[in-house]
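Colleague: fold the following.
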Amino acid sequence: MHESIVSVTSAHGVIPGFYVVPDLDNTWPAIILYMDAPGIREELHNMARRIAVQGYACIVPDLYHRYGTIRFDVTRRSEGMTSVILAAYRGLTDADINQDTAGVIGYLDGRAEVLSDKIGSVGYCMSGRFITTAASKFTDRFACAASLYGTRLVTDEPDSPHLHLSGIKAELYYGFGSLDTYTPPEYIATLKSHLDSAGLNYDMDVFEGADHGYCFLERATYNPEASEASWKKVFDLFARHLKQT
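Modeller: Predicted structure coming up:
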């Protein structure tokens, strides 16, 4: 396994990223792992390693690079920390993420060991929105994209992702928890209705008894059954579209 901290150039500036790949002697399909609101931490790096073990080059860009270097110790999360996390999260726009995604794609295109013509993505919490808007923006690059307990996919704003699904070519996967107050039943139903209306190729799970953050080992809400079921769906999705036959 080869891993490193890399510098990705973009229209906004340099984006730090964690990059991991099985080895540098062969070629591997590429996955972008978009961070959740608490940001870059070893927990996300471990998830990227799990993806790489399955035969992928995986990169985790620091989406908060516009603010400088921000790191949250989420094991000591407090009300004050949560307010800072929310401020950082809400300061990001779809345009920011698309700009960053363009830089990351360019970085992957320049790696000799990466097969980047068709790429995949996975996002959690805030980045459930971002994998969707990126798939809509870069329609010819994303072959598949997965969102786990994605927030702000359905809002009252005119730029809400559920209103702009037409044209997405990627196969999509959405996983939610039935106890997640950020994604209540009406939110999920609205998203599903618009995915159906857009005629998209997608799969969706709502796991009974699972709450927000059910895939994160370090969260009190970690749910091993729901987590492993989602990991299987994600890896099956990646294999269908990115593995060479």
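
Colleague: tell me the phi and psi of residue 234?
Modeller: Note on residue 234: backbone dihedrals following degrees, to the nearest 10 are phi -70, psi -50.

Colleague: can you check residue 28 too?
Modeller: Residue 28 adopts backbone torsions of phi -140, psi 140, taken as degrees, to the nearest 10.

Colleague: one more: residue 174?
Modeller: phi -120, psi 130.

Colleague: how about residue 2?
Modeller: phi -110, psi 130.

Colleague: and it, how many residues sit next to it?
Modeller: 13 (other CB atoms under 10 Å). Using the backbone N, CA and C atoms, a C-beta is placed for each residue, glycine as well.

Colleague: name the nearest residue to residue 34, ignoring sequence neighbours.
Modeller: Nearest residue to residue 34, sequence neighbours excluded (CB to CB, 6 or more residues apart in numbering): residue 127, at 3.4 Å.

Colleague: what's the answer for residue 134, then?
Modeller: That would be residue 101: by CB to CB, 6+ apart, it lies 4.8 Å from residue 134.

Colleague: what helices or strands is the host helix or strand of that neighbour leaning on?
Modeller: Secondary structure assignment for residue 101, by DSSP states H and E: helix 94-109. Judged by 3 or more CB pairs under 8 Å, 6 or more residues apart in numbering; DSSP states H and E, helix 94-109 is in contact with strand 2-9, strand 14-21, strand 28-34, strand 57-61, strand 114-124, helix 126-137.

Colleague: what comes into contact with the helix-or-strand element of the chain with minimal mean pLDDT?
Modeller: In the chain, the helix or strand scored least confidently by mean pLDDT, DSSP states H and E is helix 79-90, which has a mean of 83. Residues outside helix 79-90 that contact it (CB atoms under 8 Å, 6 or more residues apart in numbering) are 37, 38, 39, 64, 67, 70, 72, 73, 74, 126.

Colleague: from the residues you listed, which ones fall inside strands?
Modeller: In strands, defined here by DSSP state E, there are no members of the contacts of helix 79-90.

Colleague: quick check: the farthest pair among those residues?
Modeller: 73 and 126 (18.6 Å; CB to CB).

Colleague: got any ranges where this structure has weak pLDDT?
Modeller: Low-confidence segments of the chain (pLDDT under 70): 244-245.

Colleague: let's see 50
Modeller: Residues of the chain meeting the criterion pLDDT under 50: none.

Colleague: do you know how far the most centrally placed residue in the chain is from residue 41?
Modeller: Among the residues of the chain, the one closest to the centroid is residue 123, at 1.7 Å (CA atoms, centre = their mean). Distance, residue 123 to residue 41, using CB to CB, to the nearest Å: 15 Å.

Colleague: cool, and residue 191?
Modeller: 28 Å.

Colleague: show me which of the two is the more surrounded one.
Modeller: residue 191 (25 against 17).

Colleague: dump the C-alpha coordinates for the helix or strand harbouring the more buried one into PDB.
Modeller: Assigned by DSSP H and E, residue 191 belongs to helix 185-197. Presented in PDB, the C-alpha positions along helix 185-197 are these (Å, rounded to 0.1, in the frame of the first residue of the first chain):
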ATOM      1  CA  PRO A 185     -39.200  10.500   5.900                       C
ATOM      2  CA  GLU A 186     -40.600  13.400   3.900                       C
ATOM      3  CA  TYR A 187     -37.100  14.500   2.900                       C
ATOM      4  CA  ILE A 188     -36.300  10.900   1.700                       C
ATOM      5  CA  ALA A 189     -39.600  10.600  -0.100                       C
ATOM      6  CA  THR A 190     -39.100  13.900  -2.000                       C
ATOM      7  CA  LEU A 191     -35.600  12.900  -3.100                       C
ATOM      8  CA  LYS A 192     -36.800   9.500  -4.300                       C
ATOM      9  CA  SER A 193     -39.700  11.100  -6.200                       C
ATOM     10  CA  HIS A 194     -37.300  13.500  -8.000                       C
ATOM     11  CA  LEU A 195     -34.800  10.700  -8.700                       C
ATOM     12  CA  ASP A 196     -37.600   8.700 -10.300                       C
ATOM     13  CA  SER A 197     -38.900  11.600 -12.300                       C
END
